[in-house]
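> the sequence isn't on hand, but the structure is:
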Ligand code: HEC
């Protein structure tokens, strides 16, 4: 095999493994975002749709959101753009702002968990609404494709 041919083959291999890496990280972040969506839907049922018998689970949902929010910056490494991803390229053009929005969700989730620890249902409801609107919505409005 000629050296040139070998170089072409290696290039193709490296190229395809890079694509596999991007696909894998996009799968991880979309899976985690879906999980955040699941926890949020469950909390909405508790606080907006009267499923108050599940109030004792609310803290667990909040703690999961808090824990997962800490990994958001890492889930968007440079170059992880992919046609099946709804992440806008602006994320990497304004990465500090993107991280600040992830940290804002973290702070709001922390406030929710504190209200849950205090067993204060009214404070939990208010913290939940703020978390959804400003925490999740505050990032999606700028960085997620429709
Ligand atoms: C700092 C930014 C940021 C925050 C905060 C954030 N998201 Fe996302 N979210 C994104 C981006 C960007 C995508 C698109 C990811 C992709 O497709 O690669 C996304 C995608 C999603 C999706 C679609 C997943 C899929 O592929 O089906 C859901 C659901 C979701 N987010 C829910 C939430 C919820 C609920 C919260 C708050 C608890 C939240 N997100 C907080 C940026 C954020």
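All right, it came through fine. Note that the structure is predicted; figures quoted are calculated from it, not measured.

> mind checking pLDDT for the closest residue in space to residue 71 that isn't next to it in sequence?
Excluding the flanking residues, the one nearest residue 71 by CB to CB, 6 or more residues apart in numbering is residue 32, at 7.0 Å. No exception for glycine: its C-beta is placed from N, CA and C like everyone else's. With respect to pLDDT, residue 32 has a value of 98.

> helix or strand next in line after the helix or strand hosting residue 32, which one?
In the assignment (DSSP states H and E), residue 32 maps to helix 3-48. Later in the chain than helix 3-48, the nearest helix or strand by DSSP H and E is helix 58-69.

> rewinding a little: and the residue nearest to residue 71, what does it touch?
68, 71, 75 (CB atoms under 8 Å, 6 or more residues apart in numbering).

> pull out the buried members of these.
When the contacts of residue 32 are checked for burial by 16 or more other CB atoms under 10 Å, the buried set is 68, 75.

> and the ligand, which of the contacts of residue 32 contact it?
The subset of the contacts of residue 32 within reach of the ligand, counting by CB under 6 Å from any ligand atom, is empty.

> show me which of the contacts of residue 32 is closest to residue 96.
Nearest to residue 96 out of the contacts of residue 32 is residue 75 (CB to CB; 16.3 Å).

> wait, what's in contact with the closest one?
Residues in contact with residue 75 (CB under 8 Å, 6+ apart) are 25, 28, 29, 32.
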